[in-house]
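Q: A structural model of the following input is requested.
(chains A and B)
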Amino acid sequence: MSIVPKETIEVIAQSIGISNLSSDVAQALSPDVEYRLREIMQEAIKCMRHSKRTVLTADDVDSALNLRNVEPVYGLASADPLRFKRAVGHKDLFYIDDKDVDFKEVIEAPLPKAPLDTTIVVHWLAIEGVQPAIPENAPVEALVPPSENKRSEHNKDDGLPVDIKLPVKHVLSRELQLYFEKITELTVTKYDSDLFKEALRSLAADSGLHPLVPYFSYFIADEVTRSLNNLPVLFALMRVVRSLLQNPHIHIEPYLHQLMPSMITCLVAKRLGNRLADNHWELRDFSANLAASVCRRFGHVYHNLQSRLTKTLLHAFLDPSKAMTQHYGAIQGLAALGPSVVRLLILPNLEPYLQLLEPEMLLEKQKNEMKRKEAWRVYGALLRAAGKCLYDRMKLFPGLLTPPTRPFSRSNGRIATSSLPNKRKLSGSQPIQQPPLKKLAVDGPSGPMPSVPITANTQVGAEGFPSISGDSGLGASSSSGQVSNESTSGGSQRDKGEDRATMMSSALTQAWKEDVDAGHLLASLFELFGEAIFSFTQPVEMSMFL
Amino acid sequence: MEDEEIEKKVLAYLKKKGFLQTELALQEELGRFSSSFHPDVPRPESGALRYHDGYSKLRSWAYSSLDLYKHELLRVLYPVFIHCFMDLVAAGYMQEARTFFHTFREDHDLMHLRDLQKLEGVLSPQHLEEMELARSLRQSKVNIKLCEYSYDLLLQYLQKTQALTMLGIVNEHINFQVSPGQPTSISEDADVVSLMGSSHEIAKQINQKEVHWGLLEDSLEERLEKAHSDSEKVEGENKEVDPDENKKRSTEGGKQGVPVKKLKKDKVVGTLGKNVRSETSTVSMAPRVKAELTLPVMPTEAEQSILEDLRNRVQLSSLALPSVSFYTFVNTHNGLNCSAISHDGSLVAGGFSDSSVKVWDVSKIGQAAKTFNTQGEDEASQNELLLGSDDGKRSYTLFQGHTGPVYSATFCPLGEFLLSSSSDSTIRLWSTKLNSNLVCYKGHNYPVWDVQFSPVGHYFASCSHDRTARVWSMDKIKPLRIMAGHLSDVDCIQWHPNCNYISTGSSDKTVRLWDVQSGECVRIFIGHRGMVLSLAMSPDGRYMASGDEDGTIMVWDLSTGRCVSPLMGHSSCVWTLAFSCEGTVLASGSADNTVKLWDVTASMKPLRIDDNKTGGTINRLRLLKVLPTKSTPVYTLQFSRRNLLFAAGALLKC
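A: Numbering: from 1, shown residues only, chains lettered A, B, ... in the order given. Below you'll find the predicted structure:
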């Protein structure tokens, strides 16, 4: 009859130590308990209303108990509404999940932040009945038409920026809708059919697709996140992106912000595809080129586009906790952005990175073959990036072989800073007091060499040529390396130049500086990669070098 | 035995009323009962069953009656239902009462949900005694209007079927007002039935009393008007000014606030004032009455500044809506119970559940002049100021003294005093100049829900969980008047503009108007379906608005005691109401995160004509504008004397 069964009364009686409560008493008490409960709830609701709330809290019940001169129930005060859980197997039985709290934890926990003090913020809710569109106000309902002239007049008067635009109705023709559906379906399901290739071609060339771009960009972003472990689909999506980028009739800039994250995901995601056999490297290469092409094309419009991309990639590259696959993607991405990026961002970090990488590649240290393979992949990517950079340098400055005409002292600092860290180490390891003689500086490289065989070779090369005189230990030692490697042909001329330089202690020419950079680069890269790097130098030079 | 007592009572009643046949029939039947059943045989059950059967038969009969009369007959069911239930409870058949209640409650849930929820808990005779709703139901009779034929039908049915239990209840608890002719229309059902539970008779009687709703003699407004009529004679040429232009200039005047060219402005305002009076002359039309309280004398400077404000008042209408300045309390951690804004909007007070009262000086927050002068101020400066407000030390003055949650706060008209009421059953007076507590008023026995300064200051009124409202003056620590009469908590209170009356809203769903001088109840306004949460008086003193927890706002005519128009629109509790200074716009703030502006004049005008003919048809107030806030329930609304609307609320963390 009453909603409080007499069993409850009996249980409560037991819990407070009355064991011999007769059932008659319980029977008589239960309706009264219900009535009192209702009464207290009624008062609690009043308290709630007067606290100007519409949600009943434990505090309200406490206040109601106070009103009735009853001791409040302690221990239930809480900022959030209590979360009741349903007892398993009982439909109407609920309980509060009361976790055991370790005292030690509570004591040792740092003090929580002090709650912010109450303050008042003032704003105009309305000005002459019109709500200004300021962040403090609730957003104007989208469908309110931008009223009569009167309102705009008011706005002018008050100088308030109320600019309500009618939502533009976006009409998509039936054909376009069909087209879109077809393409998306193809991308997701029949990515290896000829039809898909046709579709890509159409996407790259069709002139009427612009209305679909927002849908495509949304579809791509959505689908990439959804099918991260479906490599073919990801690949297909990237192809769609490429086609869209290629399409000369599409004005894609406004949607880049939506596409870029997808590309970067395909580049540096930890896992792409769920099978071991999946060739996700290829996808990474592909997206790297894609991202780079976007940067090249729109870099001038969005000046921070490339910087943001490189930042993301560099972050992935320099974080040792990231997986090898991610490093690979990052390196590829950076490499795709061009040699200057590689020179600025990868090369300075090359040496410490390789030190980290080395154990991963060795059979005895890394037992997991998968991991080892990955590490080798990364190594390969690094090599390729560095080599490309080198090649580029060499090609850029054929004047390498011509003798320097201007003093170079100014460049010393520059060289030192832009040089690889290991140079510094080298110089540190060397006695600085070396006179401007031929140096044995290049002895050093044998130490940090990852794969050994060519040490002798280096040394030969290095010793075979005069080093630039060191005005300062650092600059000298670093430049010595480069010279030794790079200016094979012009030994004698170089000597002259050097002599002049030492005498004058003056600045290098710009060209010379670059030369120095390149030569220096080769040397250091050689130190790090060994022979492999030579495949990137031009044959002529190679031969001369050797 | 209680059963017997009831029977005796019924018999006595029948005798008194002269229902001879019924009496005989009842006796006969009772005789049959006592003769045919042994005393030990479970008579209680049959007794309980009698109610159940009787009611269910009556119910099915009513539902199958003629369409035309059905709604009238159905009205009878509710009182019969609750009295059957209470009879059963009183007789101690708890279980039967419970089953009875649950079997039939659905029929009445729609109309009487809240009452039923309360009654549901009544399970013993003792509870009936304790609960004010049950007691008042038991003691009073329900008035039900029936047409002649419906009444005949009902009687015939009751007599033919020998449903004596039902007949007894009908006779005991229902007063039939039989009217000849056609049955009433269904639309009137609502207010007829919602009268349940309070003695309609008394209310009617009380509402006969005379209420002098006019404005005070010699008020500042009146003086201003006189001054204007003088100036008008002098500046007669201004009459020719195009009204439109006037209006434009008036808004400009309001915006610019303190004028640079005093001379010119004065002229403008002069014409403006005249112009307005011809349009919305409600204030000046109001009759004048004498104040029954001795009124405090106002300092001359204050008077001057108020006069200045009145002259600069922006005229509002359905076309010219007010500007709303919103004070949002942030980081309240769900602790803000109430807020108050001074008349010039420069001070904002918040009452918190941690017993503290905090007062912010808005001008000090950095809002260079956060009065109406800044109406035209551009936003950039405002935003800066907002940002600057939360650095350094406390931005407010903390008033500590209460020992329980603070439920209400109010500023005196000139802003130098603040009153706060708390669950510790005290009211405290604070000085905003000295930043300290001045007086603690003890008198209520339970939490004080609301406190309001009178429009002239000095006097204030409070209301409490102890079901009383009290009138105080600042210089005495004991109340001057105690108004008792509400059947449940008095939840809100408001002064009449002429200070001779106060109105109170209560959890018993009524609003009452009290004469301050005599302490008598002079009006009872019945019609709300829930607890009344907010009240506002129109500046001309003729109308009153009240808002309840369901979101309904009702506007009452004080002289007739009738509801002029119910306003539907809010979906949750109406926390606050405010009339604009000339009474043309009503603003309401609600827990549904909106401020709504209602057109008062439009809804009153047709009514005045109707009044003479039909006696008041219900017409809805026109909703002018909905201003949604950003998840901020609106706690307080306050029109400044220049008709700028201030609003305050606490931002909800979602």
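Q: can you name the residue of the stretch 201-350 of chain B nearest chain A?
A: Going by CB to the nearest CB, chain A is nearest to B:Leu321 of the stretch 201-350 of chain B, at 2.5 Å. In this view, the C-beta of every residue, glycine as well, is placed from N, C-alpha and C.
Q: which ones are touching the residue lying closest to that residue once chain neighbours are set aside?
A: Leaving out its chain neighbours, the residue that sits closest to B:Leu321 by CB to CB, 6 or more residues apart in numbering or on different chains is A:Gly129, at 2.5 Å. Going by CB atoms under 8 Å, 6 or more residues apart in numbering or on different chains, A:Gly129 touches B:Ala320, B:Leu321, B:Pro322, B:Ser323, B:Leu597, B:Leu624, B:Lys625.
Q: so which two of the residues you listed are the farthest from each other?
A: Maximum pairwise distance among the contacts of A:Gly129 (CB to CB): 13.9 Å, between B:Ser323 and B:Leu624.
Q: beta-bridge partners for B:Lys596, please?
A: B:Lys596 has these beta-bridge partners by DSSP bridges: B:Ser588, B:Val626.
Q: list the contacts of it.
A: B:Gly569, B:His570, B:Ala587, B:Ser588, B:Ser590, B:Leu623, B:Leu624, B:Lys625, B:Val626, B:Leu627.
Q: residues contacting stretch B:207-226, please?
A: Contacts with stretch B:207-226, where a contact means CB under 8 Å, 6+ apart, come from B:273, B:277, B:283-284, B:286-291, B:295, B:303, B:306-307, B:310-311, B:496-501, B:513, B:520, B:522-524, B:540-542, B:558-561.
Q: please narrow the residues you listed to those residing in strands.
A: Under the assignment DSSP state E, the contacts of stretch B:207-226 contribute B:Arg288, B:Val289, B:Tyr501, B:Leu513, B:Val522, B:Arg523, B:Ile524 to strands.
Q: shouldn't the last one be in contact with B:Gly561?
A: Yes - in this structure, B:Ile524 sits in contact with B:Gly561. The criterion is CB atoms under 8 Å, and the distance is 7.2 Å.
Q: taking the stretch 401-550 of chain B, what residue is nearest to chain A?
A: B:Tyr407 (4.8 Å).
Q: picking that back up, return a ChimeraX selection command for the buried portion of the contacts of B:Lys596.
A: If you want just the buried ones from these in ChimeraX, going by 16 or more other CB atoms under 10 Å in any protein chain shown, the selection is:
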select /B:569,570,587,588,590,624,625,627
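Q: pull the most distant pair out of the contacts of B:Lys596.
A: B:Ser590 and B:Leu624 (15.3 Å).
Q: how about low-confidence regions in the chain?
A: Picking chain A for this. The model of chain A has pLDDT under 70 over residues A:1-2, A:77-82, A:140-171, A:275-278, A:366, A:395-546.
Q: the intended chain is chain B.
A: Applying pLDDT under 70 to chain B flags the ranges B:1-2, B:30-46, B:182-204, B:217-219, B:222, B:225-286, B:365-393, B:603-621, B:654.
Q: centroid-nearest residue for it?
A: By CA atoms, centre = their mean, chain B has its centre lying nearest to B:Ser546, at 3.4 Å.
Q: how about the contacts made by the nearest residue to B:Asp489 once chain neighbours are set aside?
A: Spatially, and ignoring its direct neighbours in sequence, B:Asp489 is nearest to B:Ser507 (4.4 Å; CB to CB, 6+ apart). Contacts for B:Ser507 (CB under 8 Å, 6+ apart) come out as A:Lys46, B:Ser488, B:Asp489, B:Asp491, B:Met531, B:Val532.
Q: quick check: B:Cys338 is in a strand.
A: Yes - applying DSSP: H, G, I helix; E, B strand; the rest coil, one finds B:Cys338 inside a strand.
Q: ok, now which ones touch it?
A: B:Cys338 neighbours (CB under 8 Å, 6+ apart): A:Lys52, B:Gly350, B:Gly351, B:Val406, B:Tyr407, B:Ser408, B:Ala409, B:Tyr635, B:Thr636.
Q: looks to me like A:Leu29 is in a strand.
A: No - applying three-state DSSP, one finds A:Leu29 to be helix, outside a strand.
Q: count the residues that sit near it.
A: Neighbours of A:Leu29 under the rule other CB atoms under 10 Å in any protein chain shown: 20.
Q: return the distance of the residue of chain A found nearest chain B relative to B:Leu645.
A: For chain A and chain B, the shortest gap (CB to the nearest CB) falls at A:Gly129, measuring 2.5 Å. Distance, A:Gly129 to B:Leu645, by CB to CB, to the nearest Å: 10 Å.
Q: list residues touching both of the two?
A: Common contact partners of A:Gly129 and B:Leu645 (CB under 8 Å, 6+ apart): B:Pro322, B:Ser323.
Q: which residue ranges form the helices in the stretch 351-500 of chain B?
A: B:362-365, B:379-388 (DSSP state H, counting those that start in this stretch).
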